[in-house]
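Colleague: fold the stuff below for me.
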Amino acid sequence: MIRVLFVDDEIAILEGLRNVLRGERKRWAMKFAEGGKAALDLLANEAFDVIVTDMRMPGMDGLALLRQVRQTQPRMTRIVLSGYSELGQAAEASVVAHQMLMKPCDADVLRNAIDRALRVQALLANEALRGLVGGMGTLPSAPRMYQALTAALADPNADVKKLAAIVEQDVGMSSRVLKFANSAYFGFPKRISSIESAIVCLGTNVVRHLALTFEVFSAWGSQGGPHFEQLERHSLLTARIARKMASGRAQAEVAFAAGLLHDAGRMVLMSCGREPFAVAVEEARRRHVPIHVAEASVFGATHAEVGAYLLGLWDLPHNVVEPVALHHTQVLGQIGSDTSAVVALANALAHEALDWKDGDGDADTERVDLDGVEDVARWRELAHMEAHALA
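Modeller: Now for the predicted structure:
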């Protein structure tokens, strides 16, 4: 049975949750802890699938509690349910919490948030990978992005479009902006799939707070930089190609976001360290199979599955998560209005273009036959032009 832990320092709140969720007792085994210390005592002896905690509690607050939970039980989905709305702490909480809900919270909203989290958990069977993904607070960013963003935020003449142009070049910061904009903290009426729209809705002050929680890619030490930069360049090229291939502005913005985040799972797998990922690359070359096939053998899941799991855990919009999940299994052919098809083809074209331009050493593990794709010559020309533009 699914086990859910609720934490609050107010007994009345806990009793209220117990009452409104009484109908879930056949599906969930629920425990209620009065404060962070009581929660830790329960966690020391029991395992839970989901934790829902308040933020402002005496002694150990929700932020400190979730930091410990992330370290000791990373597979658990972490949800904040709080009426506290201080922006700086909300930005910090977004690093350790997968989702954020605001009090007062309708019972159906809370129930649906937990159900969505449980459905996402079911997508990844490998418990070690679930722990690895669950333990991640943010995707890492490149130092150059942080420097550029900090300079822009200090410039009184910098507008939202300039900030968006900087953020859109970075996988880590883009994912943070979309995660925060789609959280219940702001309560925007519609799901936001466009990075620029997310920044417009959030405003510069929120982006400034998010920048303070910036994390640099460091899993491979000083030797990791070139690999990370190569991955960032491929992701940005895929996003740019997908935006140009899309039909209409709305799809273009979704395709850009999904293209930029499509290899988020590779960042997660790279965080395992250099050696395991190198084993997957070597196996792909030895067996003459795509890298995602080798990943399934080495890690128990592909980077597409891991990335979709992470973004789903963060409750990003489905129209962004789905192309991430399918970018290696989508049949390449006529793209039409299918965003998953657009991103899958853009990914393949980006690998071709970077291999053609830079002699990318790993490209042979990603190359696919595009000769049967409609208008492939036109799309290849577009990809090469975008690759030149990024140089």
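Colleague: residues in contact with Gly259?
Modeller: By Cβ atoms under 8 Å, 6 or more residues apart in numbering, the residues touching Gly259 are Ser235, Thr238, Ala239, Arg240, Ile241, Ala242, Arg243, Pro323, Val343, Ala346, Asn347. C-betas here are computed from N, CA, C, even on glycine.
Colleague: check which helix or strand the first one maps to.
Modeller: Translated: Ser235. Following DSSP states H and E, one finds Ser235 within helix 225-245.
Colleague: ok so, going back, any chance of the contacts of Gly259 in JSON lines with neighbour count and distance to Val20 as columns?
Modeller: Formatted as JSON lines, these follow (neighbours: other Cβ atoms under 10 Å; distance: Cβ to Cβ, whole Å):
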{"residue": "Ser235", "neighbour count": "24", "distance to Val20": "42"}
{"residue": "Thr238", "neighbour count": "32", "distance to Val20": "44"}
{"residue": "Ala239", "neighbour count": "28", "distance to Val20": "42"}
{"residue": "Arg240", "neighbour count": "24", "distance to Val20": "47"}
{"residue": "Ile241", "neighbour count": "29", "distance to Val20": "48"}
{"residue": "Ala242", "neighbour count": "31", "distance to Val20": "42"}
{"residue": "Arg243", "neighbour count": "22", "distance to Val20": "44"}
{"residue": "Pro323", "neighbour count": "29", "distance to Val20": "36"}
{"residue": "Val343", "neighbour count": "33", "distance to Val20": "40"}
{"residue": "Ala346", "neighbour count": "32", "distance to Val20": "45"}
{"residue": "Asn347", "neighbour count": "29", "distance to Val20": "44"}
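Colleague: can you dump the C-alpha atoms of stretch 154-165 in CSV for me?
Modeller: Taking Å, rounded to 0.1, in the frame of the first residue of the first chain, the C-alpha atoms of stretch 154-165 are listed here in CSV:
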residue,chain,number,x,y,z
ALA,A,154,22.1,44.3,-12.2
ASP,A,155,21.4,46.3,-15.4
PRO,A,156,18.4,48.6,-14.8
ASN,A,157,17.8,48.8,-18.5
ALA,A,158,17.6,45.0,-19.0
ASP,A,159,14.1,43.9,-20.0
VAL,A,160,12.4,40.5,-19.8
LYS,A,161,13.3,39.6,-23.3
LYS,A,162,17.0,40.0,-22.6
LEU,A,163,16.7,37.8,-19.5
ALA,A,164,14.7,35.2,-21.5
ALA,A,165,17.4,35.2,-24.2
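Colleague: which residues does it contact?
Modeller: By Cβ under 8 Å, 6+ apart, stretch 154-165 touches Leu149, Ala152, Leu153, Ile195, Glu196, Ile199, Val200, Gly203, Thr204, Val207.
Colleague: and the last one, what helix or strand is that in?
Modeller: Using DSSP H and E, the secondary-structure element containing Val207 is helix 204-211.
Colleague: re earlier: may I see the contacts of stretch 154-165 organised as TSV, with pLDDT added?
Modeller: Formatted as TSV, those follow (pLDDT from 0 to 100):
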residue	pLDDT
Leu149	86
Ala152	89
Leu153	85
Ile195	93
Glu196	92
Ile199	92
Val200	90
Gly203	87
Thr204	85
Val207	87
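Colleague: what residue lies at the spatial centre of this structure?
Modeller: Leu311 (3.5 Å; Cα atoms, centre = their mean).
Colleague: ok, then the element right after the helix holding Ser235?
Modeller: Following helix 225-245 in sequence order, the next helix or strand is helix 249-261 (DSSP H and E).
Colleague: which of the residues in that following helix are buried?
Modeller: Gln251, Ala252, Glu253, Val254, Ala255, Phe256, Ala257, Ala258, Gly259, Leu260, Leu261 (16 or more other Cβ atoms under 10 Å).
Colleague: is it correct that the third one is in contact with Glu196?
Modeller: Yes: with contact taken as Cβ atoms under 8 Å, Glu253 and Glu196 are classed as touching, separated by 7.1 Å.
Colleague: and the strands in this protein?
Modeller: 2-8, 28-34, 50-53, 77-82, 99-102 (DSSP state E).
Colleague: what's the closest of those to Val279?
Modeller: Closest approach to Val279 among these (Cβ to Cβ): strand 77-82, 29.5 Å.
Colleague: flag the shaky bits of the stretch 1-150 of the chain, pLDDT-wise.
Modeller: 84-85 (pLDDT under 70).
Colleague: mind redoing it with 90?
Modeller: Within the stretch 1-150 of the chain, the ranges that satisfy pLDDT under 90 run 56, 82-96, 102-105, 121-150.
Colleague: would you map the helices across it?
Modeller: Per DSSP state H, counting those that start in this stretch, the stretch 1-150 of the chain carries helices over the ranges 11-20, 36-43, 62-72, 87-96, 107-121, 127-134, 143-154.
Colleague: dump those into a markdown table; add distance to Arg285 and mean neighbour count as well.
Modeller: Output for those, formatted as a markdown table (distance: least, Cβ to Cβ, whole Å; neighbours: other Cβ atoms under 10 Å):
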| stretch | distance to Arg285 | mean neighbour count |
| --- | --- | --- |
| helix 11-20 | 53 | 14 |
| helix 36-43 | 43 | 18 |
| helix 62-72 | 35 | 19 |
| helix 87-96 | 36 | 19 |
| helix 107-121 | 32 | 17 |
| helix 127-134 | 23 | 18 |
| helix 143-154 | 31 | 16 |
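Colleague: with distance to His303 as extra columns, can I get these in JSON lines?
Modeller: As requested, those are exported to JSON lines (distance: least, Cβ to Cβ, whole Å):
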{"stretch": "helix 11-20", "distance to His303": "37"}
{"stretch": "helix 36-43", "distance to His303": "30"}
{"stretch": "helix 62-72", "distance to His303": "22"}
{"stretch": "helix 87-96", "distance to His303": "22"}
{"stretch": "helix 107-121", "distance to His303": "16"}
{"stretch": "helix 127-134", "distance to His303": "11"}
{"stretch": "helix 143-154", "distance to His303": "21"}
